[in-house]
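Provided below for reference: sequence and predicted model.
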Amino acid sequence: MAWLENRNGLRFGNFGTVVSSGSFQLPGPRNSPEASLEICLQPSSPWHSGTLLTIYKPGNLFQFSLHQLQTDLLMRTDAPDDPHHARMANLRANDVFRRRGPIFITITAGVEETRVYIDGVLAGSAPHFPVSAVNFTGQLILGDSPRQTDNWAGQFFGLAIYHQQLTAAQVFHHYATWKQPGRPKIGGDEHNFALYLFDEHIGNVVRDKARSGVDLYIPERYTIMNKIALEPFWIEFNTHAGYWKEALKNIVGFVPFGFCFYAYLVALPSVKRPALLTLVLGAGVSLTIEVLQAFLPTRQSGTTDLVTNTLGTWVGMESYNLLTPVLVRFFPPE
């Protein structure tokens, strides 16, 4: 984490985050459907992925979050169909981060629809998408996610939260004024609740210029808020390419383990079930690794790795069974 030298803003690198000093409590009725969020930022690369922003409440995994998925912007929130089992709802805007330079993102929520604006221009909308003022109440995290690390790299220039749905004209006016002077010209009737300009240039505090009373802090050491140990695989699962690449690496990484341990145990006359013992050893080693990673903020701890590592162990055993006739042919036993 570092302050920018030539303009207002913070640079987020590997394993950097900013958290709010407390939870946002928007004024007005809690069931109000209207709210807006503006952020000005620039990713370090259009081909990286990470969590830009999270508004977090313990016990609600999908309160509200914004993500960079390479060139696309993804908004996630909870769908309140069942208050006991929150379901995640997604809204995606394509090719947002393909352009170079700072990007001004505005999310506006109202009675009829939720809208996404990029650089003051409407980029997408979703009728009755489940975002309202209540989604903007909670603790703010920038550049990372709670419970499991999901770092974002780039530069943050500004952030604002409003207790109303901004109009298209207001969105474009804020974009134009924030782009030039470095801060939006906000009218007194726009119900601006929180405003962070990142103009401190020193220290570890980002002051709120509005009236939320909640400042942002840069932790001295990188930490994950409420880091989870052994996250269930059905929560970890997603269809992104990075997830499948990581799963494949975990499978391949344990193939030698399964191959070597199985070959050794098969050669021991005292071992009655070498296959079962090898699988138990593979799962045990994987479990030990995941438990230890729960204490490391830069590593994730989940049960998906238990499944993939154990599968890799089994693939290693089967590889041994397939290769044994070939090995015996070229290296006959004495």
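Cool, got the structure.

so the spatially most central residue of the chain bridges to which residues?
Geometric centre of the chain, nearest residue: T51, 3.5 Å, by CA atoms, centre = their mean. Beta-bridge pairing for T51 (DSSP bridges): H67.

quick one: it and L69 touch, right?
No - with contacts counted by CB atoms under 8 Å, T51 stays clear of L69, the gap being 10.3 Å. Where you see a C-beta, it was placed from the backbone N, CA and C, and this is true even at glycine.

now do the shared contacts for those two.
Shared contacts of T51 and L69, defined by CB atoms under 8 Å, 6 or more residues apart in numbering, are absent.

check contacts around the residue nearest to the centre of the chain.
S65, L66, H67, I141, G143, D144, S145, D150, N151, W152.

state the mean pLDDT of the helix or strand I251 falls within.
According to DSSP states H and E, I251 maps onto helix 241-266. The average pLDDT for helix 241-266 rounds to 90.

ok, the contacts of T51 vs L166, which is closest?
L66 (16.5 Å; CB to CB).

can you count the residues close to the closest one?
Using other CB atoms under 10 Å, L66 is surrounded by 22 other residues.

just V291 next, same as before
Look at V291: counted by other CB under 10 Å, it has 12 neighbours.

gap between it and D208?
Using CB to CB, to the nearest Å, one gets 39 Å for the distance from V291 to D208.

quick one, helices of the stretch 201-334 of the chain?
Assigned by DSSP state H, counting those that start in this stretch, the stretch 201-334 of the chain shows helices spanning 233-236, 241-266, 274-293, 304-330.

any idea how far the longest one is from the chain center?
This means helix 304-330. Computed by CA atoms, centre = their mean, to the nearest Å, the chain-centroid distance of helix 304-330 equals 34 Å.

please pull out the lowest mean pLDDT helix or strand from this protein.
Least confident helix or strand of the chain, by mean pLDDT, DSSP states H and E, is helix 233-236 with a mean of 78.

tell me what that helix is packed against?
Where contact means 3 or more CB pairs under 8 Å, 6 or more residues apart in numbering; DSSP states H and E, helix 233-236 is packed against helix 304-330.

rounded mean pLDDT for the helix it packs on, please.
Per-residue scores along helix 304-330 average to 89.

same thing with stretch 94-103?
The pLDDT scores in stretch 94-103 average 90.

now the end-to-end length of that stretch.
Stretch 94-103 has an end-to-end distance of 14 Å (criterion: CA to CA, to the nearest Å).

quick check: end-to-end length of stretch 183-194?
13 Å.

an error on my part: the question was meant for stretch 143-156.
9 Å.

so for it, what gets flagged as buried?
With burial defined by 16 or more other CB atoms under 10 Å, the residues of stretch 143-156 counted as buried are 143-156.

flag the shaky bits of this structure, pLDDT-wise.
Low-confidence segments of the chain (pLDDT under 70): 28-31, 61-62, 79-87, 181-182, 331-334.

would you map out the domains in it?
As given by automatic domain parsing, the domain ranges for the chain are 2-217, 233-330.

okay if I get those as CSV plus distance to T223?
Putting the domains of the chain into CSV (distance: least, CB to CB, whole Å) gives the following:
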stretch, distance to T223
domain 2-217, 8
domain 233-330, 5
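
grab the nearest non-local neighbour of M75.
In space, and not counting its chain neighbours, M75 is closest to L91: 4.5 Å by CB to CB, 6 or more residues apart in numbering.

show the subsequent helix or strand relative to the helix or strand in which the one you found is found.
Using DSSP H and E, L91 maps to strand 87-93. Next helix or strand after strand 87-93 toward the C-terminus (DSSP H and E): strand 103-109.
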